[in-house]
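Colleague: Predicted model, plus sequence, below.
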Amino acid sequence: MRIEIERVAVEDENVTPYFWAAGGDFERFENALSDDPTVEETVTIEDHDDQRLYQVAWKRNTEGIVYAVSEADATILQATGEGTDWSVELLFPDDETVSEFQDYAAAHDLSFDLRWFHQSAHPEAFGKFEVTDEQREALVTAYREGYFEVPGEVSLGELADELGISKNAASARLHRGYANLVENTLIHDE
């Protein structure tokens with residue numbers, strides 16, 4: 001099963017991620033979720049032939065990677081997994097929180113391989129409109145391909161193919177990108 005995390009919410013003692021699952025046996029996957037003692041609740045949000053969007057509430061596990069991220073005030077920008085391998089892109093507010101993350105991971109025996117570390121040349125502009133890299137890519141590609149033209153020059157499905165993602169993921173990225181742009185450019189402390 002291939003998993004692509006859409007977003008993660010931490011409320012009180014629970015972590016609630018929304019994620020797409022594809023490429024496997026959904027019945028077996030859902031049975032594994034229901035048998036998992038760390039899963040509190042699972043809700044299927046969208047059900048398509050080849051993929052499903054889930055919302056899962058996990059019981060608090062202070063030794064998990066999600067809590068290492070939470071403890072360091074970092075943000076998960078993107079996460080995909082197949083089998084036991086995960087690729088996670090994180091955003092840390094500063095160098096100190098990167099160190100806190102490493103300390104937390106070491107203290108709880110969480111191992112990871114750092115593949116890439118980037119420090120913005122213009123930190124004052126980074127995240128200005130709270131649009132993630134994936135949302136920006138989707139919005140810019142949509143604009144360049146004529147998706148916003150009336151009538152549109154490409155369909156959502158064609159745009160998704162261009163981005164190499166599902167139609168649902170493309171729609172979600174565009175909608176979240178629109179919302180972030182509106183909130184951070186047009187809405188002013190009303």
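Modeller: That came in fine, so what should we check first?
Colleague: pLDDT below threshold where in this structure?
Modeller: 7-16, 60-64, 66, 81, 118-129, 188-190 (pLDDT under 70).
Colleague: can you give me the helices for it?
Modeller: Ranges of helices within the chain are 26-35, 65-71, 95-107, 133-145, 156-163, 167-185, based on DSSP state H.
Colleague: and among those, the most buried is which?
Modeller: Neighbour counts (mean count of other C-beta atoms under 10 Å) averaged over each of the helices of the chain peak at helix 65-71, with a mean of 19. For every residue, glycine as well, the C-beta is placed using N, CA and C.
Colleague: what helices or strands is that helix leaning on?
Modeller: If you count contacts as 3 or more C-beta pairs under 8 Å, 6 or more residues apart in numbering; DSSP states H and E, helix 65-71 packs onto strand 2-11, strand 14-22, strand 75-82, helix 95-107.
Colleague: and the closest residue to residue 55 other than its chain neighbours, what is it in contact with?
Modeller: Closest residue to residue 55 apart from its sequence neighbours, by C-beta to C-beta, 6 or more residues apart in numbering: residue 43 at 4.5 Å. By C-beta atoms under 8 Å, 6 or more residues apart in numbering, residue 43 lies in contact with 54-56.
Colleague: got a winner among those for most neighbours?
Modeller: Of all these, residue 54 has the most neighbours under the rule other C-beta atoms under 10 Å, reaching 21 neighbours.
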